[in-house]
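Engineer: got a predicted structure here, sequence first:
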Amino acid sequence: SGSVRDAFYDVLRTHGITTIFGNPGSNELPLLKRVPDDFRYVLALHEGVAVGLADGFAQASGVPSVVNLHAAAGTGNAMGNLTNTQSGHVPVVVTSGQQSRRYAALNALLTNVDAPQLARPLVKWSTEPLRAQDVPLAVSKGILLAAAAPAGPVYVSIPLDDWDRDADPAALRLLTGRAVHGAPVAAEGPLRALAERLGTAANPVLVLGPDVDNEAGWTGAVRLADRLRLPVWVAPSPSRCPFPTRHPSFQGLLPAGVGTVADRLAGHDLVAVFGAAVFRYHEAVGGDFLPAGTDLCCVTADPDEAARAPMGTAVVGDPSDALTRVAQHVPQRTQQRTPVDHAPPADAGGPPFTAEAILDAVDEAKDDDTVVVLEWTSADMIWDRLDLTRPGSLYFPASGGLGWGLPAAVGVQLADPARRVIALIGDGALQYTVSGLWTAAQHRVPVVFVVPRNEEYAALKQFTELMDAPDTPGLDLPGMDVVGLATSYGVPAVRVDSLSSFGTELRRALADDGPRLIEVPERRIRV
Ligand SMILES: Cc1ncc(Cn2c(C)c(CCOP(=O)(O)OP(=O)(O)O)sc2=O)c(N)n1
Ligand SMILES: [Ca+2]
């Protein structure tokens, strides 16, 4: 013992990390040739799958996860899902195998040229240690920095001939005792001022983002909403569900256009935002950021989010902690709120079925503990039809990059077997990281994959209308057998042709201890 490899595994153990997600090349074999018995290596057949798995695993476990990728080619394949990991503030430590120092100097095959630069725009920190003895320190810093608010991915490139070098035993003893505690909380003054303004505002509104989707955030948000009888919206382009969807204060999901957001906030003199960037717009529509007479204050742990917002004031600090503290200093209002109905009756016709009918059938089959991972862009504005009652119930790709949902669902289920995962994956989104089905089958991860098949990129057809691009090619997906695709990867699959059989298959899958896929014919949109 005493090698850099042993020290690497010791550092991971220190932080409770004993799973490595990855896809290997020859550069990585010196690390993987002796994976200790208390570790498991989860093979992904594409590096996008590896990062998706690690992202879901980190979000559901609350512990940083570790990925090991193959040089530049592997890192390149991982970049798509790294955009989601970065946008989602998810602590993932990406390690990649570098060619030996001697060969890298020659740009020999499998050299990751200028490795730290490759990942840089998508990670908090990117490095390739100068000495083999620095590798354990870099990995230790990477784990601690990835988890430090605002959390996010880091990248460590490690030359293949470092692993068998002698580690520095004295340094390692110090490293394996390291910990960084706590997250920056907002100063008392600005929070008291916000509570004051909320208490005196004529018609304040609460907007919540993904970073308050946790026990403290839900408790604080419900308490604040109840005390002030506040209407509550979910911030645009949500990657998580931060508030109970059947609560009388719940208003729904804010759209993702500048003008359309301003329209929803019209009439409110104060907008209080917790745990969201202001805002993650998407639809190319014009308009003012805020209606006249409306002011905004946001609380975020991310100084960049605080500084880049185009309007209002910001308070930097843990937004979940802030919700609880602000709730303690606002008056108790008494007017009643009438709940908004988010699930108007769906068209019970079909097949093919409407997105609403498919969502309602999933809601019928699931229970309070079920987790829904949704990467189905026909439903990204209507998932609040689902009755979600507790934190960690809904995940969506945070940067909108497709190919995240399927592996992330497997990662979430691996991290928390007690909460069954239903993955709603569009037939288009499915294609980006479909090989993740093989990893689910190999590890018998009992995700229920539901694939609404409308044989098109429906979301983009809707955008062609919005962006006046009527004759766009490449938006139809004919001629693929989703059931055959899943079966080929070892996941039992079935195509359903009625909502009742869909319900039966959902319940059968939820009772199974392995993955299953259900293809549901989804009605095409008409443009
Ligand atoms: C990696 C990647 N590539 C392309 C897109 C662009 N894109 C694409 C291709 C969409 C269509 C998805 O089709 P789907 O079948 O998954 O779902 P719907 O038919 O319900 O829209 S939505 C969208 O933003 C993307 N978001 N991410
Ligand atoms: Ca589709």
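Structural biologist: Looks like it arrived, so ask away. Ligands and ions are numbered 1, 2, ... in the order given.

Engineer: for ligand 1, what are the nearby residues on the stretch 1-150 of the chain?
Structural biologist: residue 80 (CB under 6 Å from any ligand atom). C-beta: built from backbone N, CA, C; applies to glycine.

Engineer: how about the strands in the stretch 1-150 of the chain?
Structural biologist: In the stretch 1-150 of the chain, the strands defined using DSSP state E, counting those that start in this stretch lie at 19-22, 40-43, 65-70, 92-98, 125-127.

Engineer: would CSV of those with mean neighbour count and mean pLDDT be doable?
Structural biologist: Compiled in CSV, the strands of the stretch 1-150 of the chain are given as follows (neighbours: other CB atoms under 10 Å; pLDDT from 0 to 100):
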stretch, mean neighbour count, mean pLDDT
strand 19-22, 26, 98
strand 40-43, 16, 98
strand 65-70, 28, 98
strand 92-98, 28, 98
strand 125-127, 19, 98
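
Engineer: can you lay out those as CSV showing distance to ligand 2?
Structural biologist: Shown next, in CSV, are these (distance: least, CB to the ion, whole Å):
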stretch, distance to ligand 2
strand 19-22, 27
strand 40-43, 28
strand 65-70, 28
strand 92-98, 28
strand 125-127, 35
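
Engineer: and the residue in the stretch 251-400 of the chain that ligand 1 sits nearest to, how many residues sit next to it?
Structural biologist: Among the residues of the stretch 251-400 of the chain, residue 378 lies closest to ligand 1, at 3.2 Å counting by CB to the nearest ligand atom. By other CB atoms under 10 Å, 25 other residues sit near residue 378.

Engineer: for it, give me phi and psi.
Structural biologist: phi -70, psi -20 (degrees, to the nearest 10).

Engineer: give the contact list for it.
Structural biologist: 355, 426, 452, 454, 458-459, 522, 525 (CB atoms under 8 Å, 6 or more residues apart in numbering).

Engineer: so what would you say the end-to-end distance of stretch 433-447 is?
Structural biologist: One end of stretch 433-447 to the other measures 15 Å (CA to CA, to the nearest Å).

Engineer: again but with stretch 388-397, I slipped
Structural biologist: From start residue to end residue, stretch 388-397 stretches across 18 Å - CA to CA.

Engineer: same check on stretch 120-128?
Structural biologist: Note: stretch 120-128 ends 12 Å apart using CA to CA.

Engineer: out of the contacts of residue 378, which are inside strands?
Structural biologist: Counting by DSSP state E, the contacts of residue 378 place residue 452 in strands.

Engineer: list only buried entries from the contacts of residue 378.
Structural biologist: 355, 426, 452, 454, 458-459, 522 (16 or more other CB atoms under 10 Å).

Engineer: if we can go back for a sec, now render the strands of the stretch 1-150 of the chain as a markdown table, adding distance to residue 252.
Structural biologist: Formatted as a markdown table, those follow (distance: least, CB to CB, whole Å):
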| stretch | distance to residue 252 |
| --- | --- |
| strand 19-22 | 35 |
| strand 40-43 | 37 |
| strand 65-70 | 32 |
| strand 92-98 | 31 |
| strand 125-127 | 37 |
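
Engineer: so which of those comes closest to residue 504?
Structural biologist: strand 40-43 (31.5 Å; CB to CB).

Engineer: so what strands line up beside the closest one?
Structural biologist: Strand 40-43 pairs in its sheet with strand 19-22 (parallel), by DSSP bridges.

Engineer: coming back round to it: which one of the strands of the stretch 1-150 of the chain lies nearest to residue 267?
Structural biologist: strand 92-98 (41.0 Å).

Engineer: relative to strand 65-70, how tilted is the closest one?
Structural biologist: 20 degrees (axes from the mean of the first three to the mean of the last three CA atoms, to 10 degrees).

Engineer: show me which of the contacts of residue 378 neighbour ligand 1.
Structural biologist: 426, 454, 458-459.

Engineer: residues contacting residue 435?
Structural biologist: So residue 435 contacts 44-46, 49, 489 (CB under 8 Å, 6+ apart).

Engineer: residue 278 now?
Structural biologist: Applying CB under 8 Å, 6+ apart to residue 278 gives the contacts 235, 296, 298, 305, 309-312, 314.

Engineer: please redo it, this time with the cut-off set to 10 Å
Structural biologist: 207, 209, 235-236, 261, 271, 289-290, 296-298, 300, 305-306, 308-312, 314 (CB atoms under 10 Å, 6 or more residues apart in numbering).

Engineer: from residue 313, how far off is it?
Structural biologist: 11 Å (CB to CB, to the nearest Å).

Engineer: please apply the same query to residue 107.
Structural biologist: Counting by CB to CB - residue 107 and residue 313 are separated by 50 Å.

Engineer: cool, residue 2 as well?
Structural biologist: From residue 2 to residue 313 the distance is 54 Å (CB to CB).

Engineer: what's the answer for residue 433, then?
Structural biologist: 40 Å.

Engineer: between those two, point out the one with more neighbours.
Structural biologist: Under the neighbour definition other CB under 10 Å, residue 433 and residue 313 were set side by side, and residue 433 has more, 32 against 14.

Engineer: mind listing what the nearest residue to that one once chain neighbours are set aside touches?
Structural biologist: Using CB to CB, 6 or more residues apart in numbering and skipping the chain neighbours, the partner closest in space to residue 433 is residue 403 (4.1 Å). Contact analysis of residue 403 by CB under 10 Å, 6+ apart lists 46, 48-49, 51-52, 80-81, 84, 375, 397, 425, 429-434, 436.

Engineer: residue 503 and residue 430: what is the separation?
Structural biologist: In terms of CB to CB, residue 503 sits 22 Å off from residue 430.

Engineer: look at those two and report which has more neighbours.
Structural biologist: Neighbour count, other CB under 10 Å: between residue 503 and residue 430, residue 430 has more, with 29 against 15.

Engineer: surely that one touches residue 457?
Structural biologist: No. Under the criterion of CB atoms under 10 Å, residue 430 makes no contact with residue 457, lying 11.9 Å away.

Engineer: residues shared between the contacts of the two?
Structural biologist: 402, 477.

Engineer: what strand or helix carries residue 518?
Structural biologist: strand 516-521 (DSSP states H and E).

Engineer: other SSEs contacting that strand?
Structural biologist: Helices and strands touching strand 516-521, by 3 or more CB pairs under 10 Å, 6 or more residues apart in numbering; DSSP states H and E, are helix 355-365, strand 421-425, helix 436-442, strand 448-453, helix 482-488, strand 493-495, helix 499-511.
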